[in-house]
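> Kindly generate the corresponding structure for this input.
(chains A and B)
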Amino acid sequence: MIRVEHVTVEGEGRKILDDVSFQVKSGETKVVLGPSGAGKSSLLKIILGLWKPTAGAVFIDGMEITHLSERALNPIRRRTAMVFQGNALFDSLTVAENVGYFLQEHSTMSAAEIYERVEDCLQFVNLPDTMNLLPEEISGGMKKRVAIARAIAFHPEIILYDEPTTGLDPINAKTITELIIKLKQERHATSIIVTHILRDAFAVGDSLAVMDNGNIVFDGSPEELLACELPFIQNFLSEIREEARLILHEQR
Amino acid sequence: MGNHSIDIAPIRALKMKLLRLQEYSIFAVENVRALFAAWRYRRDTLEQMYLIGAQAFPIVFISGMFSGVIMAIEAGNRLETFGAKLLVGRTTALAVVRELGPVITGLLMAARTGAKNASELGSMQVSEQIDALRAFGTNPIEKLAVPRLVAALVMFLPLTLVADLIGLLGGMTVSDIWLHVDRGFFWHSAVYDLKMKDIIVGCAKPVVFSFFISTISCFYGLATTGGTVGVGRAAVNAVVVASVVVLFNDYIFTKVIWAIL
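Below is the predicted model of the structure:
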């Protein structure tokens, strides 16, 4: 379980996160929604220990990680994967080396076993023929799928997605959303998905949190979000309300 | 109010510089403590040795040759005025082995390796690749900075020796052609008049330079912020600071060595 308690992050003279609290249960997929600049990506970096909060604490399975050193954070990070907004693929490594990077670094698996796992992961994201290509040789949508393959290669218990469909064309965005749903159904990992795209949120989220100006202004189920009468939420949902109802209806 | 802010601004700037120096010092110490990671990342270390060392050979060869040639021409012309042109070998050897070889190679490496390290690591930083490494439980200092440091420590000395040798051969050739100083005599006076302390100084400088060039450029690269503009700024800062540190270290070396040897 992930628990964020009263986290505040200050930088460049302003509060990026302001007293943020929420929790994600084991196996749950939580979507954090909000407009650009609301502090969503910062939240993921705090949860992964890449940034230190000015105040507050983050707990993973009851263990406070906020003040751990880089070395002490490693056991947590080896259970957690993150799909970065810009993919963050290592551009000097091939697709296969990117996907197998964690296993090469931290596992005792043989080269043949790693190769087999990499093949499986690339098959899962439907990119079986890209193993020897460099990231610069594949499209944006394919890069995102490679980033997901890299994230799931070591079977993490927690997956963090930072704007997984932003900047993709509708077809690729749909493919990525379907992949996330497939992952949720098959792997049951605890997930946090940060996005500003409402369709994705209703399609994949078990619970939703909405951020604005570094604050969580809503935290609840998709149905509760649709019923919420806060002016900011009403305004935020205005263009997708009916589509969201339809998505939820189809899911039920 | 205006005077007050004028008083405060330089102090704040000084504090920022001191903070930066402190951060660099911690980074340099962490590099030294993590040196053994070069074995774990030996593939990266060997790749860096090729990129930093072997690929720099042509530019070091050319600059070494010209520094020896120019030194021999300038010294030979002056010495000829006093009828002492036969000292050209000795003068050229001293200048090349003690100063020109290490310093010119150091400055070239500060530019070439400094720009390479800072821009590579800076690009990785702004594209979140460094965050991705940390997220995978990999220490960026061990994976990225240490292989570059070890490669520089290993490769800068041979490169400097190449520059020295080529410089002496270049000086010998032009002395023979333009000053009519016999090649054998030039070589004899050049090599036999060099003392052990000259060799020690000439060999110690590149090792020290390589440490600072590598750690400074990796520090600037890993601290990059501000997108592509930030990468350019990091590369420029790395080259400028590393070059100044090379010259400053050369000065310190010269003073200290003359004092103790």
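> the helices in the stretch 151-252 of chain A, which residues?
A:170-187, A:198-204, A:222-227, A:231-237, A:241-251 (DSSP state H, counting those that start in this stretch).
> For the stretch 101-250 of chain A, what lies in contact range of chain B?
Taking CB under 8 Å from any CB of the partner chain as the criterion, the stretch 101-250 of chain A approaches chain B at residues A:101, A:102, A:105, A:106. Every residue, glycine included, has its C-beta placed from N, CA and C.
> give me every residue that touches the last one.
Residue A:106 sits next to A:78, A:154, B:136, B:137 when contact means CB atoms under 8 Å, 6 or more residues apart in numbering or on different chains.
> so where's the chain shaky on pLDDT?
As the question left the chain open, I've gone with chain A. Applying pLDDT under 70 to chain A picks out residues A:251-252.
> To clarify, I was referring to chain B.
In chain B, residues with pLDDT under 70: B:1-7, B:261.
> What are the boundaries of the helices in it?
B:2-33, B:37-40, B:42-48, B:57-81, B:88-94, B:101-126, B:129-135, B:140, B:146-174, B:183-192, B:196-222, B:227-260 (DSSP state H).
> any chance you could map the strands in the stretch 1-150 of chain A?
Here the stretch 1-150 of chain A has its strands, by DSSP state E, counting those that start in this stretch, at A:2-11, A:14-24, A:29-33, A:55-60, A:63-64, A:80-83.
> The residue nearest the centre of chain A and residue B:41, how far apart?
Nearest residue to the geometric centre of chain A (CA atoms, centre = their mean): residue A:161, 1.5 Å. Counting by CB to CB, to the nearest Å, the gap from residue A:161 to residue B:41 is 29 Å.
> and what of residue B:136?
14 Å.
> likewise residue A:246?
For residue A:246, the distance to residue B:41 - CB to CB - is 52 Å.
> and what of residue A:21?
Going from residue A:21 to residue B:41 by CB to CB gives 40 Å.
> So the two - more neighbours on which side?
Between residue A:21 and residue B:41, counted using other CB atoms under 10 Å in any protein chain shown, the more crowded position is residue B:41 (19 against 13).
> dump the residue contacts of the more buried one.
By CB under 8 Å, 6+ apart, the contact set of residue B:41 is B:142, B:143, B:146, B:147.
> hmm, try it at 6 Å
With contact set as CB atoms under 6 Å, 6 or more residues apart in numbering or on different chains, residue B:41 has these partners: B:143, B:147.
> Residues contacting stretch B:116-136, please?
A:48, A:50, A:77, A:82, A:84, A:86, A:88, A:90, A:102, B:140, B:148, B:217-218, B:220-222, B:224, B:227, B:231, B:234-235, B:238.
> from the chain's centre, how far out does that stretch sit?
23 Å (CA atoms, centre = their mean, to the nearest Å).
> what do you get for stretch B:87-95?
When distances are taken as CA atoms, centre = their mean, stretch B:87-95 is centred 23 Å away from the chain's centroid.
> Kindly export that stretch (C-alpha atoms) in PDB.
The C-alpha trace of stretch B:87-95 is given here as PDB (Å, rounded to 0.1, in the frame of the first residue of the first chain):
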ATOM      1  CA  LEU B  87      70.900  24.700 -27.100                       C
ATOM      2  CA  VAL B  88      67.600  24.400 -29.100                       C
ATOM      3  CA  GLY B  89      67.200  20.700 -28.300                       C
ATOM      4  CA  ARG B  90      67.600  21.200 -24.600                       C
ATOM      5  CA  THR B  91      65.200  24.200 -24.600                       C
ATOM      6  CA  THR B  92      62.600  22.600 -26.700                       C
ATOM      7  CA  ALA B  93      62.700  19.400 -24.600                       C
ATOM      8  CA  LEU B  94      62.300  21.300 -21.300                       C
ATOM      9  CA  ALA B  95      59.400  23.400 -22.700                       C
END
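> Would you mind listing the buried residues in it?
For stretch B:87-95, the neighbour count (16 or more other CB atoms under 10 Å in any protein chain shown) marks B:88, B:89, B:90, B:91, B:92, B:93, B:94, B:95 as buried.
> Please apply the same query to stretch A:102-122.
By neighbour count on 16+ other CB under 10 Å, the buried set for stretch A:102-122 is A:102, A:103, A:105, A:114, A:117, A:118, A:121, A:122.
> just the residues you listed now: which is nearest chain B?
Among the buried residues of stretch A:102-122, residue A:102 lies closest to chain B (CB to the nearest CB), at 5.1 Å.
> Please name the residues that touch that closest one.
So residue A:102 contacts A:154, B:136 (CB under 6 Å, 6+ apart).
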